[in-house]
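*Asks:* no FASTA, just this:
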């Protein structure tokens with residue numbers, strides 16, 4: 001593969017089960033207990049197999065809070081910006097943790113969640129209802 005390769009996917013489960021999808025270069029794992037009405041959306045960047053940086057958000061959509069999961073092999077702080085549909089920054093967060101809960105205070109709209117860590121960047125869509 002020349003240069004980075006990107007792919008998007010959306011998976012849902014119909015009951016308590018575990019689903020793993022992978023080919024040796026990228027992997028997505030859905031954990032137990034995700035109801036059929038909830039989705040985990042992830043964007044994965046495969047960069048020659050050298051650096052790991054992945055982010056996913058669940059449940060999505062949500063009527064309560066979201067859990068942002070960041071998988072990385074770096075120890076530096078990740079910066080998160082939550083933007084509304086007009087591109088306005090609604091909230092900014094920083095974390096070194098792999099999991100971050102947020103969203104209780106957010107209004108019921110569609111948000112773009114931007115995650116930056118060093119030169120890595122992901123943008124995820126989150127729906128609050």
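*Replies:* Looks like it arrived, so ask away. Source: prediction; values computed, not measured.

*Asks:* who's residue 82 bridged to?
*Replies:* residue 91, residue 113 (DSSP bridges).

*Asks:* Let me see the contact set for residue 53.
*Replies:* Shown in contact with residue 53 (C-beta atoms under 8 Å, 6 or more residues apart in numbering): 45, 47, 70, 71, 72, 73, 74, 117, 120, 122. Placement of C-beta: from N, CA and C, glycine included.

*Asks:* Buried ones among those?
*Replies:* Neighbour-count burial (16 or more other C-beta atoms under 10 Å) applied to the contacts of residue 53 gives 45, 70, 72, 117, 120, 122.

*Asks:* Pull the most distant pair out of these.
*Replies:* The largest separation in the buried ones among the contacts of residue 53, counting by C-beta to C-beta, is between 45 and 70 at 12.8 Å.

*Asks:* tell me, what's touching those two both at once?
*Replies:* Taking C-beta under 8 Å, 6+ apart as the contact rule, residue 45 and residue 70 both touch 53, 54.

*Asks:* Identify the residues contacting residue 51.
*Replies:* 73, 74, 120.
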